[in-house]
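Trainee: I would like the atomic coordinates for the input below:
(one chain, ligands or ions: 1)
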Amino acid sequence: VKKLIIKGGQLLEGEVHISGSKNSALPIICASLLCQEFVKLFNCPDIEDVNRLLDILRELHVDIKREADYIEINSHSLKNIAINSANVSKLRASYYLMGVYLALFNHVQINMPGGCDLGSRPIDLHLKAFRLLNGKCEVNYDQVLIDSKKLKGNKIFFEIPSVGATINAMLASVFIEGKTIIENAAKEPEIIDVANFLNKMGANITGAGSCIIEINGVKRLKGTEYYVMSDRIEAGTYALMAAGRGKEVDIVNFNHKYNNGFIAKLIESNVKFKILDNKIKILSSKDILPLNLKTGYYPGFPTDLQQIYLALLTQAKGISKVQDSIYKSRFKNCYELNKMGARIIVDENVATIYGPHHLNGAEVTATDLRGGASLVLAGLMAEGTTTILNPEHIFRGYSGILEKIRKINGNITIA
Ligand code: EPZ
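Mentor: Residues are numbered from 1 along each chain as shown. Prediction:
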């Protein structure tokens, strides 16, 4: 069993090059099956979640060629078979295959998707969308079965602006003649990226990034090539590491127009930085100020960054509060941070962080992807050696994390 070993204290300096977005690459890889021809994808992150998804596609007889961040997909021999690979239950994003299979075959049989344990993660909104498009959905045990005589356009209103359900509704409706409207759609930048990719293959989607998305069905899609957007959560993660232990670090491929919520909080907590064209330069930040941080749907503060920001707030001069209104139990990392000397009290979906508290290296366990990243940040700030167990959670979403941290003078090894 592997573990990460971090020797804290080093001052971080240099450049981190942010990779492609996990939460954009995963749906785009699934969407590429819709054209059943060659698709060339650039800037796809070399992470475990992508590897798992490609394994699932290989089991569905898709031809895959992969060199680091370049992926070539040819789905001309995609099979309309049950999607029951063991990887499905490990990867939440495998649920995008529901929309794709419905669009292609009017039928899908798939195991229930898995993913990080952040509390219950229902797919009721996905199924609601498929029903409204004239799909008959059945869920028995851990299998989802959806059939349709013929998908029909409709107006779909989401009570919650769900990222996954919004993308799945787009995928399912690309070939439906007439109009399909999604209302109260999620507005995340990754949704714009997926819509841009679908339109490049010949789809007709307007409004992505706003709360109303319109899909006009087309007959077929053609192969294309596409460059995936950079990962705004990976970028925020390294920016927070630099804020916690930086001398001066450039985060390259940082797209500030997609990070306004995050930048507003950096300012509020007195993190020193400069924004240049495609990068943010984080400067040494001595006096981090406490924050009241509340996550929200885009363009609110991203839930994926609250766990990492929370680790930084253990060093803020005063009492901070972090509330996650999207995932009620996304605070498992707090108990691990307390083992390192932090003082965090979790009550329901609000954490109170008393700072500044000196952190000492300790043996801690990664509970999920972003919680694991928060422990890496804490290890870099702590005095002494921190050992992180279950680092595979971190490798799901951070490509080349060892090299990237070493390149900015961080002391991290894997054993
Ligand atoms: C995506 O998950 C991301 N994953 C998550 O990132 C991210 O935290 C989340 O969006 C929110 O931004 C991928 O893109 C692969 P949601 P998703 O549907 O689509 C509830 C990471 O760290 N909901 O927007 O599953 C749900 O319980 C991962 O990279 C329903 O109630 O998120 C949650 O409270 C973690 N019914 C809220 O909506 C549904 O049918 C937002 O979930 C679907 C969701």
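Trainee: And the pLDDT at the residue in the stretch 301-415 of the chain that the ligand sits nearest to?
Mentor: The ligand sits closest to Asp304 of the stretch 301-415 of the chain, with a gap of 4.3 Å, by CB to the nearest ligand atom. Where C-beta positions appear, they are placed from N, C-alpha and C, glycine not excepted. Listed pLDDT for Asp304 reads 97.
Trainee: and if you look at Gln36?
Mentor: 88.
Trainee: what do you get for Gly115?
Mentor: 67.
Trainee: Downstream of the helix or strand the residue of the stretch 301-415 of the chain closest to the ligand falls within, the next helix or strand is which one?
Mentor: Assigned by DSSP states H and E, Asp304 belongs to helix 303-313. Using DSSP H and E, the helix or strand that follows helix 303-313 in sequence is strand 319-323.
Trainee: ok, and what's touching that following strand?
Mentor: Outside strand 319-323, the residues within contact range by CB atoms under 8 Å, 6 or more residues apart in numbering are 290-295, 306, 309-310, 313, 349-355.
Trainee: Separate out the buried members of those.
Mentor: Neighbour-count burial (16 or more other CB atoms under 10 Å) applied to these gives 290-291, 293, 295, 306, 309-310, 313, 349, 351, 353-355.
Trainee: Distance to Asn84 added to the residues you listed, as JSON lines?
Mentor: Below are those laid out as JSON lines (distance: CB to CB, whole Å):
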{"residue": "Pro290", "distance to Asn84": "48"}
{"residue": "Leu291", "distance to Asn84": "44"}
{"residue": "Leu293", "distance to Asn84": "40"}
{"residue": "Thr295", "distance to Asn84": "34"}
{"residue": "Gln306", "distance to Asn84": "34"}
{"residue": "Tyr309", "distance to Asn84": "38"}
{"residue": "Leu310", "distance to Asn84": "37"}
{"residue": "Leu313", "distance to Asn84": "43"}
{"residue": "Asn349", "distance to Asn84": "34"}
{"residue": "Ala351", "distance to Asn84": "38"}
{"residue": "Ile353", "distance to Asn84": "43"}
{"residue": "Tyr354", "distance to Asn84": "48"}
{"residue": "Gly355", "distance to Asn84": "47"}
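Trainee: helices and strands around the worst-scoring helix or strand of the chain on mean pLDDT, which ones?
Mentor: Least confident helix or strand of the chain, by mean pLDDT, DSSP states H and E, is strand 136-140 with a mean of 92. Where contact means 3 or more CB pairs under 8 Å, 6 or more residues apart in numbering; DSSP states H and E, strand 136-140 is packed against helix 124-132, strand 143-147.
Trainee: What strands flank that strand, and is each parallel or antiparallel?
Mentor: Applying DSSP bridges, strand 136-140 is found paired with strand 143-147 (antiparallel).
Trainee: Show me what counts as buried in the partner strand.
Mentor: Those would be 144, 146, for strand 143-147 by 16+ other CB under 10 Å.
Trainee: Alright, I will stop here.
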